[in-house]
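Enquirer: Coordinates for the following, if possible.
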Amino acid sequence: MQAITSKDFEHIGDDTAVTVVDFWADWCGPCKMQTPVLESLDEAYGDQVKFASLDVDQNQELAQSLGIMSIPSLVIFKNGMPTEKVVGFHPKAALKKYIDEKLTEVSA
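Expert: Residues are numbered from 1 along each chain as shown. Next comes the predicted model:
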């Protein structure tokens, strides 16, 4: 999972159809629980899905512009456009379902 900043954000989706961005903060307990789940999914999907993490404390303007009010928040991008926001901790199976739906839409 690649750490990104607001500067990197403009290129989200340039190299893959589906990108998952994790909005988190170092002080957030549920964020720390979500990270290993996302790392596992990143490994499972390989090049099919890109995973990135963005520290909201270091990138407050971008987080606000995307309506991030609670963390952890995951924003799923399809072809560079935000298509879904998932707020709070979610187990691997639930996140896999969201991602698989986006992959199905891409291939359809």
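Enquirer: Surely Thr35 and Asp22 touch.
Expert: Yes: using CB atoms under 8 Å, Thr35 and Asp22 qualify as a contacting pair, with a distance of 7.4 Å. For the C-beta atoms, the positions are set from N, CA and C on the backbone; glycine is no exception.
Enquirer: Show me which residues of the lowest-mean-pLDDT helix or strand in the chain are buried.
Expert: For the chain, scoring each helix and strand by mean pLDDT, DSSP states H and E identifies helix 6-9 as the least confident one, at a mean of 80. For helix 6-9, a neighbour-count test (16 or more other CB atoms under 10 Å) marks nothing as buried.
Enquirer: quick one on the thing from earlier: anything in contact with each of Thr35 and Asp22?
Expert: Met1, Ser53 (CB atoms under 8 Å, 6 or more residues apart in numbering).
Enquirer: neighbour-wise, which of those two wins?
Expert: Applying other CB atoms under 10 Å to Thr35 and Asp22 shows that Asp22 carries more neighbours, namely 24 against 15.
Enquirer: The more buried one - that's part of a helix, no?
Expert: No: according to DSSP: H, G, I helix; E, B strand; the rest coil, the state of Asp22 is strand, so it is not within a helix.
Enquirer: Quick check: beta-bridge partners of it?
Expert: Beta bridges link Asp22 to Ser53, Leu74, judged by DSSP bridges.
Enquirer: wait, it sits on Leu54?
Expert: Yes: counting by CB under 8 Å, Leu54 is a contact partner of Asp22 at 7.0 Å.
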